[in-house]
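**Student:** This is the structure alone, sequence omitted:
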């Protein structure tokens, strides 16, 4: 179930759902999603579905990962990317191949440690991790060319918007659990252009860390 044929089937499904960026499709094809889930679920790793990773968290559906990534890199390769919600590290690995440097914040220490080990195994040396409250971002490393958030706040945290560089792009799910929109914010001088990309359902963005 980790064969090239299985991965190609997933990429074909993403194309059918509207993913067009060849860079994103190539990275989805070559990234070993099966190492980001428990061994018991590895046979389902290349299904186009979210899968549990413990701690009431999931590794996102490949379509959503591709959709968010495509929006993030639409204007070219970002040099500095902030990821809020490391989770299993799958999205982190996708970003590490398409950006100069990835700064990833995770509130659950156990997940963070596992993700860090997976990055070492895969040989990605351009990722930095922080155990902390994602809603605060990573102000010491700001500004960022791109920010991606993999949990949903009710409203966009001002701290994250303020950490965007001019021209920077923020992709974030926003809303209550039953009704969320995936939004793109683009910083244009002193204001933000906003576009709704999709309807989604993410776990809530929680404050604090453990």
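**Tutor:** Happy to help now that I have it. Bear in mind that the values here come from a model prediction, so they are computed numbers and not experimental data. Numbers count the residues shown, from 1 in each chain.

**Student:** Which helix or strand in this protein has the lowest average pLDDT?
**Tutor:** strand 57-59 (a mean of 89; mean pLDDT, DSSP states H and E).

**Student:** list the buried ones in that one?
**Tutor:** 57, 58, 59 (16 or more other Cβ atoms under 10 Å). To be clear about C-beta, it is placed using only N, CA and C from the backbone, and glycine gets the same treatment.

**Student:** Repeat that for stretch 47-59.
**Tutor:** If you call a residue buried by 16+ other Cβ under 10 Å, then stretch 47-59 has these buried ones: 47, 50, 51, 53, 57, 58, 59.

**Student:** could those residues go into TSV alongside distance to residue 133?
**Tutor:** Converted to TSV, the buried residues of stretch 47-59 look like this (distance: Cβ to Cβ, whole Å):
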residue	distance to residue 133
47	32
50	23
51	25
53	20
57	16
58	20
59	21
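
**Student:** Pull the most distant pair out of the residues you listed.
**Tutor:** By the measure Cβ to Cβ, the buried residues of stretch 47-59 have their two most distant members at 47 and 57, which lie 17.8 Å apart.

**Student:** Please name the strands paired to the least confident helix or strand of the chain in the sheet, noting orientation.
**Tutor:** Note on strand 57-59: by DSSP bridges, its sheet partners are strand 51-54 (antiparallel).

**Student:** one step back: which of the buried residues of strand 57-59 lies closest to residue 117?
**Tutor:** Within those, proximity to residue 117 (Cβ to Cβ) peaks at residue 59, which comes in at 15.5 Å.
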